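Visitor: just coords:
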């Protein structure tokens, strides 16, 4: 008998509520120019999204000298052959989730425990593993794409019209963060 993802996600959300009560992190507003460490969460299932993030990180590191790390979730059991972890870009897959869809990979736990100046979650849909990471992140300033069902983990949400792709979501988020002084 196969248990539905809805039930697994429900159990995961229950665990998240309990995990969230266990820690307190002081959050504050941080602008893009002020930030030296930036974490990015995104859905890396599509190769074009992975390639865009890889190029954006490379270009932004060169231009700004910021330390940028990305954690991508690949909604498959294994990483595609063209996607592999490299400096500043890690991944986790379905096999790295427990029964409640909570990430268990030590790399993900390290990402959660890092104190980024800004954490940007680029996922616009309903991806519980990415929500879990964003909610428990020890980052100073957590930014996400507006979704009325998932507003709790963020200090700032960017409301984008329509169904934006990852490129538009990142560009609009960074543009907004650059206005914060």
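Guide: Nice, thanks for sending it over. The model shown is predicted, which means the values in this text are computed figures rather than measured ones. Residues are numbered from 1 along each chain as shown.

Visitor: for the protein, what spans make up the helices?
Guide: 5-21, 47-64, 106-113, 128-136, 166-178 (DSSP state H).

Visitor: is it possible to export the ones you listed to CSV including mean neighbour count and distance to residue 159?
Guide: All C-beta spots, glycine's among them, are computed from the backbone N, C-alpha and C. Shown next, in CSV, are those (neighbours: other CB atoms under 10 Å; distance: least, CB to CB, whole Å):
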stretch, mean neighbour count, distance to residue 159
helix 5-21, 14, 23
helix 47-64, 15, 21
helix 106-113, 15, 26
helix 128-136, 23, 17
helix 166-178, 17, 10
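
Visitor: which one of the ones you listed lies closest to residue 149?
Guide: Residue 149 lies closest to helix 128-136 among these, at 9.5 Å (CB to CB).

Visitor: For the residue nearest to residue 50 when sequence neighbours are not counted, give me its contacts.
Guide: In this structure, residue 50 finds its nearest non-sequential neighbour in residue 44, 4.7 Å apart by CB to CB, 6 or more residues apart in numbering. Residues counted as contacts of residue 44 (CB atoms under 8 Å, 6 or more residues apart in numbering) are 50, 53, 72, 73, 74, 83, 91.

Visitor: residue contacts, the first one?
Guide: Which is residue 50. 44, 72, 83.

Visitor: nearest to residue 25, of those?
Guide: Closest to residue 25, out of all of these and judged by CB to CB, is residue 72, at 23.2 Å.

Visitor: separation between the residue positioned nearest the centre of the chain and residue 106?
Guide: By CA atoms, centre = their mean, the chain has its centre lying nearest to residue 41, at 2.1 Å. According to CB to CB, to the nearest Å, residue 41 stands 17 Å off from residue 106.

Visitor: Right, I'll call it a day here.
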